[in-house]
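Q: build me a model:
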Amino acid sequence: RGDDIVVAHVVDSPVRPRITPMGFGFNDAAHATAFGKVLLAAMDAGQRQTYLARHGLPAMTARTICTEEGLEAELLGVRERGIAVEREEFIHGASCLAAPVTNPSGQTIGSVAVSMDPADFSARSSKVAVLLRDTAARVSRALRGTPLLPQ
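A: Residues are numbered from 1 along each chain as shown. Coordinates of the predicted model:
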């Protein structure tokens, strides 16, 4: 939303409840979330610098990346892999993966993320990453031609 990174939709279930405080409108700690890292990685250096000057890099847990150098290295990996990884950087007890949603010109306009128990992460993350990339591509295709997002 504007220059902010905001959660627009959350799907959960009784078996896989949402991470608290994650919900519609949540806009904190992009540097510590997989969905935020996707969007930060898509920004140019100037946009990212402006965003970080406004929001900072506060520690959410002991695993949060709190330096610009560390974050830049992480975001380079996100751009190379096409997927963001977050392992208990935002909240203890949750790890996440996120993939970019793009417009027809390939610009990242959003992301799709999945959270999971950190104990399951190593065993499940490669399979989930494949499904997540596919889902993000489907969302990208579904949004093409709609007036909802910039082309």
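
Q: tell me what the helix or strand of the chain with the lowest mean pLDDT is packed against?
A: Counting by mean pLDDT, DSSP states H and E, the weakest-scoring helix or strand in the chain turns out to be strand 108-116, with a mean of 86. The elements that strand 108-116 packs onto, with contact taken as 3 or more C-beta pairs under 8 Å, 6 or more residues apart in numbering; DSSP states H and E, are helix 34-42, strand 95-102, helix 118-143. C-beta here means a position set from N, CA and C on the backbone, and glycine is covered the same way.

Q: endpoints of stretch 90-109, how far apart?
A: Start-to-end span of stretch 90-109 (C-alpha to C-alpha, to the nearest Å) is 22 Å.

Q: check the offset of it from the chain's centre.
A: Put simply, stretch 90-109 sits 3 Å off its chain's centre (C-alpha atoms, centre = their mean, to the nearest Å).

Q: so what's the residue nearest the centre of the chain scoring on pLDDT?
A: Nearest residue to the geometric centre of the chain (C-alpha atoms, centre = their mean): F35, 0.9 Å. Per-residue pLDDT puts F35 at 88.

Q: kindly report the same for D4.
A: At D4, pLDDT is 60.

Q: re the thing from before, which stretch among the helices and strands packed on strand 108-116 comes nearest I65?
A: helix 34-42 (9.0 Å; C-beta to C-beta).

Q: remind me what the following helix or strand past the closest one packs against, helices and strands.
A: As assigned by DSSP states H and E, the chain's next helix or strand after helix 34-42 is helix 45-55. On a contact count with 3+ C-beta pairs under 8 Å, 6+ apart, helix 45-55 meets helix 68-81.

Q: what packs against the helix it packs on?
A: Helices and strands touching helix 68-81, by 3+ C-beta pairs under 8 Å, 6+ apart, are helix 34-42, helix 45-55.

Q: who's in contact with T135?
A: Applying C-beta atoms under 8 Å, 6 or more residues apart in numbering to T135 gives the contacts A99, V112.
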